[in-house]
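Student: structure, please.
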Amino acid sequence: MAGIYIHIPFCKQACSYCNFHFSTTAKHREEIVAAMLKEIEHRADFFNGEAIKSIYLGGGTPSILNQAELSSIFKQLESHFNLNDLKEVTLEANPDDLSKEKLRELKELPINRLSIGIQSFHQKDLDFMNRAHSAEEGIATVKRALDMGFEKLSLDLIFGIPTSTTADWEANLRQIFSLDFDHLSAYALTLEEGTLFHHQVKSGKAKEIEDREVAEQYNLLQDYIKNESWEQYELSNYCRNEQYAIHNTAYWMNEKYLGIGPAAHSYDGAKRRWNLANNHLYYKHIHEGKQYYETEQLSEIDRYHELLISRLRTKWGIPKTFLEETFSSNILEHFTNKLSKLSEYFEEKDDRYQIKRAFWFTSDNLLEQLMVDS
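Tutor: Residues are numbered from 1 along each chain as shown. Just a heads-up that it's a prediction; the model follows:
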């Protein structure tokens, strides 16, 4: 199942926790969009005519682009890839960008799914994270998007925020499940090097909340998911009525994908390729015909590790037959030996290896133990 990711490297302002590649200035925006159109042309043979099932515009904040810029990207994709079986076209957006007029413009494009970064319904949390929207805008935007005919909505929430108590988190859950949407991504706030939050913690101006409280908030989310008859299908992703994110699920299933734009990654099953994480150098190198990316040939151990990290955090786990058909006897022996020592944390279900749900949130340590020492 082939997918295309488009990285739009612009944001109105820098969120305190984000370490993705982005710029808060629109300088050279025209040149970067032109370079992305040229990169699409350069990569036209990546899928060898295979039908594309999903397109995902992420960032950054793709909703910053205007209708003409977005339209030019879609027209270029249509010219160079097989979009006859396209199922899902997602645009990431912030609530403050989604005015009625903006939604009307987006509705005229092939976009059929919005991923909206709500993060919290409490103003103190939004201020701490340096979000551009207000608490009121989060609720109003969801209702406005529904009124404008966007039926597929994915909303983001963050827990473990230093300014937020468990009671605040429960209020967030009550609020979000009162809305009409079908997909939720909920992440624990993490300390990423180079971010404002990282600087605040290191300088003593902010403090991470205790692991116990983070786990408490995660468990509270599980209670709501169960009570609302939703389904957790990946560590941080939930849906109702089997409305799984097609694009992200392909990542977790180790399907190939193409990345376009500064810092975007591509994967063809055997190697990874990533573009320069520098806006100026990205468009300059493409314009001048210079190499604008790096590649890495994945070893068998690399591919084994990536499979662990991606598939064992989903409800689908790893099929035994896939392991046997994909890896050498050395890797299989290593896996089964390690698994036997961790049997209380794993289960075999429908001929698949899975981490028991009770241990999903603390799965990092389990995955490390399954890896091959370098």
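
Student: distance of Met129 from Lys107?
Tutor: Taking Cβ to Cβ, to the nearest Å as the criterion, Met129 is separated from Lys107 by 29 Å. Yep, even glycine has a C-beta here, placed from its N, CA and C like the rest.

Student: find the nearest non-adjacent residue to the residue positioned nearest the centre of the chain, please.
Tutor: Nearest to the mean C-alpha position of the chain, by Cα atoms, centre = their mean, lies Asn248 at 6.6 Å. Once flanking residues are discounted, Asn248 sits nearest to Asn237: 7.0 Å by Cβ to Cβ, 6 or more residues apart in numbering.

Student: what of Gln232?
Tutor: Sequence neighbours aside, Tyr238 is the residue nearest to Gln232 in space, at 5.1 Å (criterion: Cβ to Cβ, 6+ apart).

Student: you'd agree the one you found is in a strand?
Tutor: Yes: when DSSP: H, G, I helix; E, B strand; the rest coil is applied, Tyr238 is found to be in a strand.

Student: just to revisit the earlier point, neighbour count for Met129 and Lys107, which is higher?
Tutor: Met129 (21 against 13; other Cβ atoms under 10 Å).

Student: contacts only, for that one.
Tutor: Taking Cβ atoms under 8 Å, 6 or more residues apart in numbering as the contact definition, Met129 lies against Cys15, Ser16, Tyr17, Gln119, Ser120, Ile158, Ile161, Phe197.

Student: hmm, which of those residues is lowest in pLDDT?
Tutor: Scanning those for pLDDT, the low point is Ser16. It has 69.

Student: which residues of the protein fall in helices?
Tutor: Assigned by DSSP state H, the helices in the chain fall at 29-42, 67-80, 100-107, 123-128, 135-147, 166-176, 196-202, 211-227, 246-252, 279-288, 300-311, 320-326, 329-341, 363-370.

Student: most packed of those helices?
Tutor: Per-stretch averages of neighbours, counted by mean count of other Cβ atoms under 10 Å, single out helix 246-252 among these, with a mean of 20.

Student: got the buried residues for stretch 337-354?
Tutor: Of the residues in stretch 337-354, those with enough neighbours to count as buried (16 or more other Cβ atoms under 10 Å) are Leu339, Tyr345, Phe346, Arg352, Tyr353, Gln354.

Student: tell me the pLDDT of the closest residue to the first one other than its chain neighbours.
Tutor: Leaving out its chain neighbours, the residue that sits closest to Leu339 by Cβ to Cβ, 6+ apart is Phe346, at 6.0 Å. At Phe346, the predicted lDDT confidence score is 95.

Student: hmm, Phe346 is touching Thr336, no?
Tutor: No: the pair Phe346 / Thr336 is not scored as a contact, 11.1 Å apart, by Cβ atoms under 8 Å.

Student: which residues touch stretch 331-350?
Tutor: When contacts are defined by Cβ under 8 Å, 6+ apart, stretch 331-350 is touched by residues 300-301, 304, 317, 320, 323-324, 327, 353-356, 359, 366, 369-370, 372.

Student: between the two ends of stretch 79-87, how far is it?
Tutor: 18 Å (Cα to Cα, to the nearest Å).

Student: over to stretch 183-202?
Tutor: End-to-end distance of stretch 183-202 (Cα to Cα): 35 Å.

Student: rewinding a little: let me see the contact set for the residue nearest to the centre of the chain.
Tutor: When contacts are counted by Cβ under 8 Å, 6+ apart, Asn248 is found next to Tyr56, Glu234, Asn237.

Student: what is the mean pLDDT for stretch 247-256?
Tutor: Throughout stretch 247-256, pLDDT has a mean value of 94.

Student: ditto for stretch 355-363
Tutor: Across stretch 355-363, pLDDT averages out at 93.

Student: can you list contacts of that stretch?
Tutor: Counting contacts by Cβ under 8 Å, 6+ apart, the residues touching stretch 355-363 from outside are Ala215, Tyr218, Gln232, Leu235, Leu312, Arg313, Gly317, Tyr345, Phe346, Glu347, Leu366.

Student: tell me the spacing between the residue lying farthest from the centre of the chain and Leu323.
Tutor: Relative to the centre of the chain, and counting by Cα atoms, centre = their mean, the farthest-placed residue is Ser329 at 33.2 Å. In this structure, Ser329 and Leu323 are 11 Å apart, going by Cβ to Cβ.

Student: what's the answer for Glu41, then?
Tutor: Here Glu41 is placed at a distance of 38 Å from Leu323 (Cβ to Cβ).

Student: again, but for Gln354
Tutor: From Gln354 over to Leu323 (counting by Cβ to Cβ), the distance is 13 Å.

Student: burial measure for Asp180, as a count.
Tutor: For Asp180, the number of neighbouring residues by other Cβ under 10 Å comes to 9.

Student: with Asn82 instead?
Tutor: Burial measure for Asn82: 14 neighbouring residues, criterion other Cβ under 10 Å.

Student: and stretch 323-331, what's its mean pLDDT?
Tutor: This predicted structure assigns stretch 323-331 an average pLDDT of 94.

Student: one more: stretch 65-77?
Tutor: Stretch 65-77 shows a mean pLDDT of 97.

Student: what does it contact?
Tutor: For stretch 65-77, with Cβ under 8 Å, 6+ apart as the criterion, the contacting residues are 4, 6, 8, 10, 33, 36-37, 40-41, 52, 55, 57, 62, 83, 91, 105-106, 108-111.

Student: all set, thanks.
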